[in-house]
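**Student:** structure of the sequence below:
(chains A, B, C and D)
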2 protein chains.
Amino acid sequence: MTVIFSKKCEYGLQAVLYMAAKEPGCVCPSDEIADKLQIPKEFVSKILQSLTESGIVDSKKGKSGGFLLAKNPSKIRLIDIVTAIDGLDLFNRCVLGFPNCSPDQPCPVHDKWGELRTKAYKMLTDETIDKFKEKTLSKISKI
Amino acid sequence: MTVIFSKKCEYGLQAVLYMAAKEPGCVCPSDEIADKLQIPKEFVSKILQSLTESGIVDSKKGKSGGFLLAKNPSKIRLIDIVTAIDGLDLFNRCVLGFPNCSPDQPCPVHDKWGELRTKAYKMLTDETIDKFKEKTLSKISKI
DNA sequence: TTTTAATCAGACAAAGTTATCTGATTATTA
DNA sequence: TAATAATCAGATAACTTTGTCTGATTAAAA
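**Tutor:** Below you'll find the model as predicted:
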């Protein structure tokens, strides 16, 4: 199998985009998120717990509790979520798995791949989640 | 964790590049490949077995046997190896894991990501392994 | 012809990821 | 204050990937 982000990270990104598409400050129970995104409830709950520690989301306990974004969506970048869940190995590791791949000891595809990787990193760094509100709503409605 | 290619695929790419860097028609025992690339012997052996079925490498049994490329390196593209081992899911699946991601039902990052993905696919499709002989030799010598 | 050194095949083991379950804790609301 | 509905925490199960082991088969070389 081939993957870019782990399932955890995919679900984390989906959940955060979902919350960003709702009214600001709106508290979402994990039940609701899991239901709307069709992903396992306990799993998404765990993922959001870890994002709470990273300061990206907040949680409210007790009745009518749930999860909500900890900051303004315009302050949350896609890369923040990826970093919190998967880390940045994707952008540091050699794509062919060679040890000590670096400009000094480049693997055969080092330069070509590095270019793509830099662009991907830039995209994730440039984009904040407030930009995706409309697109998320449109996508969610079709699930 | 975050991955692009599976370990199998990484090792497969490494091994094929290694064979392409040797004299044409040269038979490499799995021992030698495993040793030079510092990867598990039985594992690389299994991977090369599967690439034999895909017609990318050939194998010779018995004493002084081993693996060799089944075609001219100029006829083997990086994408052929990736396809044989990992498949093309990477280029078809939604990067956020949304179901039914398509131009009709795009995920929030569909367009931006699609662009990068297309470039990556093109790179793997354009590059044949004969182009990497020098770079592979230089990298191997430093492991 | 016997020994040797390799692939081949399949079972198995270890590790990591994904998913589920259970119970404790917390805070709202009736 | 009691009932309710949510997060939180930790154990465990299922699955996939990665890696190892053993023995059979094959073919070259002594």
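**Student:** list of residues touching the lowest-mean-pLDDT helix or strand in chain A?
**Tutor:** With mean pLDDT, DSSP states H and E as the measure, the helix or strand of chain A carrying the lowest mean pLDDT is helix A:89-92 (a mean of 94). Here helix A:89-92 makes contact (Cβ atoms under 8 Å, 6 or more residues apart in numbering or on different chains) with A:Ile4, A:Phe5, A:Val82, A:Arg117, A:Ala120, A:Tyr121, B:Met1, B:Thr2, B:Val3, B:Ile4. Using the backbone N, CA and C atoms, a C-beta is placed for each residue, glycine as well.
**Student:** 6 Å instead?
**Tutor:** A:Arg117, A:Tyr121, B:Thr2 (Cβ atoms under 6 Å, 6 or more residues apart in numbering or on different chains).
**Student:** and it, how far out from the chain middle?
**Tutor:** Helix A:89-92 sits 15 Å away from the centroid of its parent chain (Cα atoms, centre = their mean, to the nearest Å).
**Student:** circling back to that earlier point, which of the contacts of helix A:89-92 lies at the shortest distance from B:Asp111?
**Tutor:** A:Tyr121 (17.7 Å; Cβ to Cβ).
**Student:** how close does the closest one sit to DNA strand C?
**Tutor:** Distance, A:Tyr121 to DNA strand C, using Cβ to the nearest atom of the strand, to the nearest Å: 20 Å.
**Student:** thinking again about what came up before, just the C-alpha atoms of the least confident helix or strand of chain A, please, in CSV.
**Tutor:** The C-alpha trace of helix A:89-92 is given here as CSV (Å, rounded to 0.1, in the frame of the first residue of the first chain):
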residue,chain,number,x,y,z
ASP,A,89,9.2,12.9,8.4
LEU,A,90,7.5,12.9,5.0
PHE,A,91,9.4,16.0,4.1
ASN,A,92,12.7,14.9,5.6
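**Student:** now the helices for chain A?
**Tutor:** For chain A, helices defined by DSSP state H occupy the ranges A:7-20, A:30-37, A:41-53, A:78-85, A:89-92, A:110-126, A:133-140.
**Student:** nearest to A:Cys101, of those?
**Tutor:** Closest approach to A:Cys101 among the helices of chain A is made by helix A:110-126 (6.2 Å; Cβ to Cβ).
**Student:** give me the mean pLDDT for that closest one.
**Tutor:** For helix A:110-126, mean pLDDT rounds to 96.
**Student:** swap in stretch A:34-41?
**Tutor:** Averaging pLDDT along stretch A:34-41 gives 95.
**Student:** which residues sit against that stretch?
**Tutor:** A:Tyr11, A:Gln14, A:Ser30, A:Val44.
**Student:** likewise for stretch A:13-27?
**Tutor:** Outside stretch A:13-27, the residues that reach it (Cβ under 6 Å, 6+ apart) are A:28, A:33, A:37, A:44, A:60, A:66, A:68-69, A:73, A:81, A:129, A:132-133, A:136-137, B:96, B:108.
**Student:** chain center to it, what's the gap?
**Tutor:** 12 Å.
**Student:** any part of it near DNA strand C?
**Tutor:** No. Figure legend: stretch A:13-27 not in contact with DNA strand C (Cβ under 7 Å from any atom of the strand); closest approach 9.7 Å.
**Student:** what about that stretch and DNA strand D, touching?
**Tutor:** No. Stretch A:13-27 lies apart from DNA strand D when judged by Cβ under 7 Å from any atom of the strand; the minimum separation is 8.3 Å.
**Student:** still on that earlier bit, quick one: buried ones out of the contacts of helix A:89-92?
**Tutor:** Neighbour-count burial (16 or more other Cβ atoms under 10 Å in any protein chain shown) is assigned, among the contacts of helix A:89-92, to A:Arg117, B:Thr2.
**Student:** name the nearest of the contacts of helix A:89-92 relative to A:Ile56.
**Tutor:** For the contacts of helix A:89-92, the residue nearest A:Ile56 by Cβ to Cβ is B:Thr2; the value is 17.5 Å.
**Student:** and the residue of chain A nearest DNA strand C?
**Tutor:** A:Gly62 (2.3 Å; Cβ to the nearest atom of the strand).
**Student:** hmm, back to that, output those of the contacts of stretch A:13-27 also counted as contacts of DNA strand D.
**Tutor:** Applying Cβ under 7 Å from any atom of the strand to the contacts of stretch A:13-27, those adjacent to DNA strand D are A:Lys60, A:Gly66.
**Student:** so how do I select the buried members of the contacts of stretch A:13-27 in ChimeraX?
**Tutor:** A single ChimeraX command selects the buried members of the contacts of stretch A:13-27 (16+ other Cβ under 10 Å):
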select /A:28,33,37,44,66,68,69,73,81,129,132,136 /B:96,108
